[in-house]
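Student: Structure of the sequence below:
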Amino acid sequence: MPLYLTETDVARLVTMADAMTAVEDCFRHLGAGAATNQPRRRARVPGGLLHVMFAADPQEGVMGVKSYTSFKGGARFHIMLYSATDGALLAILEGDRIGQLRTGAASGVATRCLARQDASVAAVFGTGYQARTQVEALAHARSLSEVRVYGRDPARRKQFCDELCARLGLWVFPADSPEQALEGAEIVATATTSSTPVFDGARLAPGTHVNAAGSNSLLRREIDDLTVTRAALVAVDDLAAVDLEGGDLIGPLQKGRLYPEALVPLGRIVAGNHPGRQGSEEITLFKSHGIAAEDIVLAHRAYLKAVEQGVGENLGAANSTP
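Tutor: Numbers count the residues shown, from 1 in each chain. Got it, this is the predicted structure:
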């Protein structure tokens, strides 16, 4: 009997630690060729968009579809989770919180793999929900001494930092400019809706690791060409997504400053099939588009906890043979 899990249910059931474990497993399965992912597709209607993406992970025993709509009034997210053994519908989950957690966790996993072991100072661009989980995941990946946050609205910047200081017990402070945020930063994360680069790549210190997580459109970019071309290693969550929504990479690719063959799936690094950072002075980059495989694996962990704890609404018989 399938379950329906609300955003409140999901928030009660899964933590960032859960998300980091699930997403790392997801990338390991992808890197070993044991899971499949299909990138996002979009259908436009007057006033909005329908977005659909799906994946299968037999090692997890699940497959599923994430769909969401984005209109002027906001976005609505849902995940359909199926058994990979018999195709039974296991659960329908509201998917906004899962999306926030898995996006942060992907940056956290990339940071574990690619940032210097002694990296302790982070700069985060953005002050929305996705930026919150970026900070939280970075704090799981490395022992942070401070986090500098830059966003365009000073009041929102301060509120964001005050909230995370209290919740995470970290020194999180608002930076007055992108330059102040980057000064001495060893890990950088972007989680904005910007259509133009949010910092100057020339200001990245040698040895910095960058997570670019905000853009999943060819029309938007958070990092400039120099950030990309300075990177000794450019990892991506999914190669197939680059041509469809890799606005951060498409410029250097079209100009011949970055070759498609140089892009490395993060899963290959997690699975041990490709080396990560090769030196302390290298700049490394992870371009995160946000993929269904992450959503499906984390949704499955939420479902298993819900069954164990008796959380969620039973939807009745929904698995009849057609």
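Student: isn't residue 296 right up against residue 81?
Tutor: Yes: assessed by Cβ atoms under 8 Å, residue 296 is found in contact with residue 81 at 6.8 Å. No exception for glycine: its C-beta is placed from N, CA and C like everyone else's.
Student: So if I had to pick from these two, which one is more boxed in?
Tutor: More crowded of residue 296 and residue 81, by other Cβ atoms under 10 Å: residue 296, with 31 against 24.
Student: Next one: residue 99 from residue 260, what distance?
Tutor: Counting by Cβ to Cβ, to the nearest Å, the separation of residue 99 from residue 260 is 27 Å.
Student: Residue 18 now?
Tutor: For residue 18 relative to residue 260 (Cβ to Cβ), the value is 34 Å.
Student: Looking at these two, which one has more neighbours?
Tutor: residue 18 (16 against 10).
Student: List the contacts of the more buried one.
Tutor: 101, 298, 301 (Cβ atoms under 8 Å, 6 or more residues apart in numbering).
Student: Write a ChimeraX command that selects only the buried members of those.
Tutor: A single ChimeraX command selects the buried members of these (16 or more other Cβ atoms under 10 Å):
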select :101,298,301
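Student: hang on, residue 106 packs against residue 237?
Tutor: Yes: using Cβ under 8 Å, residue 106 is in contact with residue 237, at 6.0 Å.
Student: overlap in contacts of those two?
Tutor: Residues touching both residue 106 and residue 237 by Cβ under 8 Å, 6+ apart: 27, 266, 286, 288, 290, 294.
Student: how much space between the third one and residue 31?
Tutor: The span separating residue 286 from residue 31 equals 14 Å under the rule Cβ to Cβ.
Student: Compare the two and say which is more crowded by neighbours.
Tutor: Neighbours were counted for residue 286 and for residue 31 using other Cβ under 10 Å; residue 286 has more, 27 against 19.
Student: which SS state does that one fall under?
Tutor: strand (DSSP: H, G, I helix; E, B strand; the rest coil).
Student: what's the distance between it and residue 264?
Tutor: As defined by Cβ to Cβ, residue 286 lies at a distance of 10 Å from residue 264.
Student: Name the residues contacting each of the two.
Tutor: Residues touching both residue 286 and residue 264 by Cβ under 8 Å, 6+ apart: 235-236.
Student: residue contacts, the most centrally placed residue in the chain?
Tutor: When Cα atoms, centre = their mean is applied to the chain, the residue found nearest the centroid is residue 103 (2.1 Å). Going by Cβ under 8 Å, 6+ apart, residue 103 touches 130, 133-134, 191, 213, 288, 290, 294.
Student: one step back: find residues that contact each of residue 296 and residue 81.
Tutor: In contact with both residue 296 and residue 81: 62, 64, using Cβ under 8 Å, 6+ apart.
Student: Report the contact partners of residue 151.
Tutor: Contact partners of residue 151, counting by Cβ under 8 Å, 6+ apart, are 125-127, 131, 157, 160, 192.
Student: typo on my end, it should be residue 305
Tutor: Contacts of residue 305 (Cβ under 8 Å, 6+ apart): 13-14, 311.
Student: Could you rerun that using 10 Å?
Tutor: 5, 9-10, 12-14, 18, 311-312 (Cβ atoms under 10 Å, 6 or more residues apart in numbering).
Student: Just give me the closest of those to residue 51.
Tutor: residue 10 (18.8 Å; Cβ to Cβ).
Student: Now for the residue nearest to that closest one when sequence neighbours are not counted, how many residues are close by?
Tutor: Using Cβ to Cβ, 6 or more residues apart in numbering and skipping residues adjacent in sequence, the residue nearest residue 10 is residue 97, 4.6 Å away. For residue 97, the neighbour count with other Cβ under 10 Å is 25.
Student: Tell me how far the helix or strand hosting residue 97 lies from the chain's centre.
Tutor: Secondary structure from DSSP states H and E places residue 97 in helix 96-114. Put simply, helix 96-114 sits 4 Å off its chain's centre (Cα atoms, centre = their mean, to the nearest Å).
Student: Heading C-terminal from that helix, find the next helix or strand.
Tutor: strand 121-125.
Student: which of the contacts of residue 103 lies closest to residue 199?
Tutor: Nearest member of the contacts of residue 103 to residue 199, counting by Cβ to Cβ, is residue 191, at 13.0 Å.
Student: residues in contact with the closest one?
Tutor: Contacts of residue 191 (Cβ under 10 Å, 6+ apart): 100, 103-104, 107, 124-135, 151, 198, 211-215, 222, 288.
Student: go on, residue 158?
Tutor: Going by Cβ under 10 Å, 6+ apart, residue 158 touches 127, 149, 151, 173-174.
Student: got the buried residues for stretch 231-244?
Tutor: Quick answer for stretch 231-244 (16+ other Cβ under 10 Å): 231, 233-238, 241-242.
Student: go on, stretch 261-268?
Tutor: Buried residues in stretch 261-268, counted by 16+ other Cβ under 10 Å: 263-268.
Student: same deal with stretch 293-308?
Tutor: Within stretch 293-308, the residues that qualify as buried are 293-303, 305-306, counting by 16+ other Cβ under 10 Å.
Student: just the residues you listed now: which is nearest residue 89?
Tutor: Nearest to residue 89 among these: residue 303, at 11.0 Å, using Cβ to Cβ.
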